[in-house]
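In: model the structure of this input:
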Amino acid sequence: MKTTSLPRFIAHAALIAAFVAPSFNLQAQVPSISALRNTGNEVEEADPRVQQIIARAESHFRQGKLNLSDNKFDAAREEFDKAVDTILESGLDVRANPRLREFYLQLVERVYREEVPLQQLQQEPSTTAGAPVYVAQTPTAAPSGQTPAPTAVAAIRQAGFREQKFEPSPLDELSRLVLTEEEKKVAPEKVAELEEEINTLDFRFKSNALIQQYLNYYQGRGRSTMESGLRRSGQFMTMARRIFREEGVPEDIAWLGQVESAWRPTARSWAAASGLWQFIPGTGARFGLRQTAYVDERNSFEKATRASAKYLRWLANRYRGNWELAIGAYNTGEGNIDRAISRAGVADFWQVYPFIAQETRNYVPNILATIIIAKNPEKYGFGNIQRMAPLERSYDVVSVPSATSLQLIANLTDTSVDYLRSINPELRRDVTPRGESYNVRVPAGRGKQMVALLRRVPVERREQMARVITVSPGESLESVAARTGTNVALLQQWNNGVDLNAGGKIVVPAGSNIRLTGLTRTRSNTPAAVGSSLVTVRAKAGETIAQIAARYGASAVEASKLNGVAADAPLQAGREVRIPMQAASNGASSRPAARRR
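Out: Below is the predicted model:
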């Protein structure tokens with residue numbers, strides 16, 4: 001089921017400025033107005049259609065309000081989602097039509113204010129016909145006689161949400177990119193040389209001076225963008241190539257992910273296009289990506305990659321194997337490419353070029369240039385880029401029962417919730433989906449430990465937080481109970497059969513008041529220890545992740561994964577770097593450059 005969550009509309013609100021800025025553009029798979037930009041009066045001619053679109057969106061919004069008033073939360077979210085998608089998938093340029101733009105801005109604000117009122121968030125967990133509802137965790141009780149603060153952030157946190165942190169889609173910058181006169185200078189022999197490069201690829205396209213212009217751009221002022229993308233590509237390209245091959249798509253086209261998201265699973269555009277492959281909600285649902293209050297599979301590594309390959313294969317079939325047109329349609333929508341072909345009279349990208357949106361004019365040659373560089377980085381001056389290790393090697397996959405707390409999983413695997421979210425970017429909440437088992441990724445080598453410890457936690461308590469502590473060999477349960485503020489009977493119930501003579505790990509129920517001074521914990525090479533937090537550090541010019549991590553006693557490998565930068569790559573001065581830290585202070589007072597989150 002496709003649903004709309006409150007964090008989605010918070011993200012919309014944060015990006016409102018993009019709608020009113022002069023450079024405002026529709027992004028990946030959002031139909032732009034390529035067929036309407038060339039005649040001055042077509043916006044006015046579209047008024048009857050605009051009215052129809054507004055009426056349909058308004059109808060969905062009204063139905064959503066009715067469902068919400070009847071406590072039909074899932075149905076309400078679905079209708080609100082449809083209201084927004086009616087605008088995004090209309091095929092009209094929102095910027096070019098003030099009336100449609102104004103309606104869309106108001107619609108987002110109205111949904112934000114109407115969806116999931118605070119009093120509904122404070123209800124007890126429940127399910128309706130197995131479908132998830134917003135309230136996944138029992139809210140923290142307010143003091144007697146007091147009403148919880150009616151803020152959106154507080155309400156979200158009480159409901160088990162954390163504000164999802166998204167990164168800007170690189171497509172936003174691409175849509176505004178204007179090549180310099182120097183970058184546009186292309187000798188005829190350079191265009192001829194492109195044919196040799198094209199022959200090394202696993203699909204065909206026509207050489208064009210625009211491709212060489214983007215090669216010029218990346219060898220100059222766009223160098224840092226290309227370097228960053230090539231580094232991060234190591235995390236996903238092995239997986240992407242395999243999936244594209246399985247779906248019958250040329251493997252080299254997987255480099256589309258670099259232009260779409262710069263290989264960042266949390267990249268998001270103003271139009272709610274999200275993930276490595278920048279699916280909007282409607283297109284994501286069309287290709288099987290589930291979007292509920294608990295998960296958004298557009299942000300998944302594997303599932304979104306397969307959906308992208310399926311969509312590209314479908315587009316290539318539509319355009320009879322013409323991959324340039326298929327790539328263009330991936331950006332602007334097949335409807336706009338179809339109209340451009342109708343105007344040009346021929347199904348050739350370089351012939352329809354004048355009839356498509358500027359962002360798509362940039363998009364296709366940009367991707368083709370990226371593929372050429374990625375296939376022969378030495379020739380273009382990128383041979384020294386150290387690519388990050390494949391992400392698939394850094395995690396185990398464990399099936400957990402319904403509504404298992406990420407904090408509990410973090411405690412069971414000696415890691416942090418932040419790190420779990422970084423390798424499970426499709427999770428919208430700090431709890432796994434209610435009403436179903438779920439395959440969650442945990443740090444490599446810790447899957448068996450987690451399974452063994454999770455068996456000790458009663459099923460009905462797995463949505464709550466439990467701590468895992470290390471006990472000394474021969475330590476008694478009475479001693480453990482004394483220093484954790486719990487009782488012996490409860491410890492026995494949760495750790496039945498555990499031999500304390502050998503020491504090791506035991507599970508302590510939620511609500512126990514553990515005194516950290518009495519704990520002994522191994523500082524292994526972990527993403528972050530139990531009770532961990534992240535600190536943000538500003539790098540000095542030329543400093544590396546490995547150097548910063550060593551200064552804070554953290555793992556360079558995990559810090560590298562969190563920041564998407566190779567451990568030994570020189571950093572620019574002032575770049576913010578996140579470092580996973582132990583909760584116990586370890587000289588933190590001497591670290592004024594760090595800012596705790």
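In: quick one, phi/psi of the residue sitting nearest the centre point of the chain?
Out: Geometric centre of the chain, nearest residue: residue 266, 2.3 Å, by C-alpha atoms, centre = their mean. Backbone torsions of residue 266, given as degrees, to the nearest 10, read phi -100, psi 20.
In: so it is in contact with residue 425, correct?
Out: Yes. Checked against C-beta atoms under 8 Å, the pair residue 266 and residue 425 is within contact range at 5.6 Å. Placement of C-beta: from N, CA and C, glycine included.
In: what is in contact with the two at once?
Out: Shared contacts of residue 266 and residue 425, defined by C-beta atoms under 8 Å, 6 or more residues apart in numbering, comprise 275, 299.
In: measure the residue nearest to the centre of the chain to residue 375 for me?
Out: Residue 266 sits 27 Å away from residue 375, going by C-beta to C-beta, to the nearest Å.
In: residue 327 too?
Out: Distance of residue 327 to residue 375, given as C-beta to C-beta: 16 Å.
In: have a look at these two and say which one is more surrounded.
Out: Legend: neighbour count by other C-beta atoms under 10 Å for residue 327 and residue 375, higher for residue 327 (26 against 16).
In: and the more buried one, that one's in a helix?
Out: Yes. The assignment for residue 327 is a helix, going by DSSP: H, G, I helix; E, B strand; the rest coil.
In: hang on, it packs against residue 367?
Out: Yes. Using C-beta under 8 Å, residue 327 makes contact with residue 367 at a distance of 5.9 Å.
In: between the two, what contacts are shared?
Out: residue 256.
In: where does residue 62 land in three-state SS?
Out: Assignment for residue 62 (three-state DSSP): helix.
In: okay, now it: neighbour count?
Out: Around residue 62 there are 12 other residues, counting by other C-beta under 10 Å.
In: try the one 3 residues further on
Out: The tally of other residues near residue 65 (other C-beta under 10 Å) stands at 16.
In: and the helix or strand hosting it, how far out from the chain's middle?
Out: Following DSSP states H and E, the helix or strand that holds residue 65 is helix 47-69. In terms of C-alpha atoms, centre = their mean, to the nearest Å, the gap separating the centre of helix 47-69 from the centre of its chain is 29 Å.
In: name the helices or strands packed onto the very next helix or strand once past that helix?
Out: Remark: after helix 47-69, the chain's next helix or strand is helix 73-88, criterion DSSP H and E. In terms of contacts (3 or more C-beta pairs under 8 Å, 6 or more residues apart in numbering; DSSP states H and E), helix 73-88 is packed against helix 47-69, helix 98-114, helix 281-286.
In: where do the strands of the stretch 351-500 of the chain begin and end?
Out: Secondary structure of the stretch 351-500 of the chain (DSSP state E, counting those that start in this stretch): strands at 395-400, 438-443, 467-471.
In: make CSV out of these and add mean pLDDT, distance to residue 288 and mean neighbour count.
Out: Shown next, in CSV, are these (pLDDT from 0 to 100; distance: least, C-beta to C-beta, whole Å; neighbours: other C-beta atoms under 10 Å):
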stretch, mean pLDDT, distance to residue 288, mean neighbour count
strand 395-400, 94, 20, 17
strand 438-443, 94, 16, 20
strand 467-471, 82, 36, 20
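In: wait, which of those strands is closest to residue 456?
Out: With C-beta to C-beta, the closest approach to residue 456 among the strands of the stretch 351-500 of the chain belongs to strand 467-471: 9.6 Å.
In: how far does that closest one sit from the chain's center?
Out: Centroid separation for strand 467-471 versus its chain: 32 Å, with C-alpha atoms, centre = their mean.
In: just stretch 192-204 next, same as before
Out: The chain centre lies 33 Å from the centre of stretch 192-204; the measure is C-alpha atoms, centre = their mean.
In: distance across that stretch, terminal residue to terminal residue?
Out: With C-alpha to C-alpha, to the nearest Å applied, stretch 192-204 spans 15 Å between its terminal residues.
In: so residue 236 is in which element?
Out: helix 223-246.
In: buried ones in the helix holding residue 65?
Out: Buried residues in helix 47-69, counted by 16 or more other C-beta atoms under 10 Å: 50, 53-54, 57, 60-61, 63-65, 67-68.
In: can I get those residues in JSON lines with pLDDT and distance to residue 355?
Out: Shown next, in JSON lines, are the buried residues of helix 47-69 (pLDDT from 0 to 100; distance: C-beta to C-beta, whole Å):
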{"residue": "50", "pLDDT": "88", "distance to residue 355": "21"}
{"residue": "53", "pLDDT": "90", "distance to residue 355": "22"}
{"residue": "54", "pLDDT": "92", "distance to residue 355": "27"}
{"residue": "57", "pLDDT": "91", "distance to residue 355": "28"}
{"residue": "60", "pLDDT": "91", "distance to residue 355": "32"}
{"residue": "61", "pLDDT": "90", "distance to residue 355": "34"}
{"residue": "63", "pLDDT": "91", "distance to residue 355": "37"}
{"residue": "64", "pLDDT": "86", "distance to residue 355": "37"}
{"residue": "65", "pLDDT": "87", "distance to residue 355": "40"}
{"residue": "67", "pLDDT": "83", "distance to residue 355": "41"}
{"residue": "68", "pLDDT": "82", "distance to residue 355": "43"}
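In: which of the residues in stretch 483-499 are buried?
Out: Of all the residues in stretch 483-499, those buried under the rule 16+ other C-beta under 10 Å are 483-484, 486, 490-491, 494-495, 498.
In: ugh, typo on my part, it should be stretch 450-461
Out: With burial defined by 16+ other C-beta under 10 Å, the residues of stretch 450-461 counted as buried are 450, 453-454, 456-457.
In: hey, what's the closest residue in space to residue 447 that isn't next to it in sequence bridged with?
Out: What sits nearest to residue 447 in space, not counting adjacent residues and going by C-beta to C-beta, 6 or more residues apart in numbering, is residue 396, at 3.2 Å. Beta-bridge partners recorded for residue 396 (DSSP bridges): residue 442.
In: SS state for the closest residue to residue 233 other than its chain neighbours?
Out: Excluding the flanking residues, the one nearest residue 233 by C-beta to C-beta, 6+ apart is residue 263, at 5.5 Å. Classification of residue 263 using three-state DSSP returns coil.
In: wait, what's in contact with residue 263?
Out: Residue 263 is in contact with 229, 232-233, 235-236, 257, 276, 564, counting by C-beta under 8 Å, 6+ apart.
In: what is the nearest of these to residue 170?
Out: Using C-beta to C-beta, residue 229 is the member of the contacts of residue 263 that lies nearest residue 170, at 8.4 Å.
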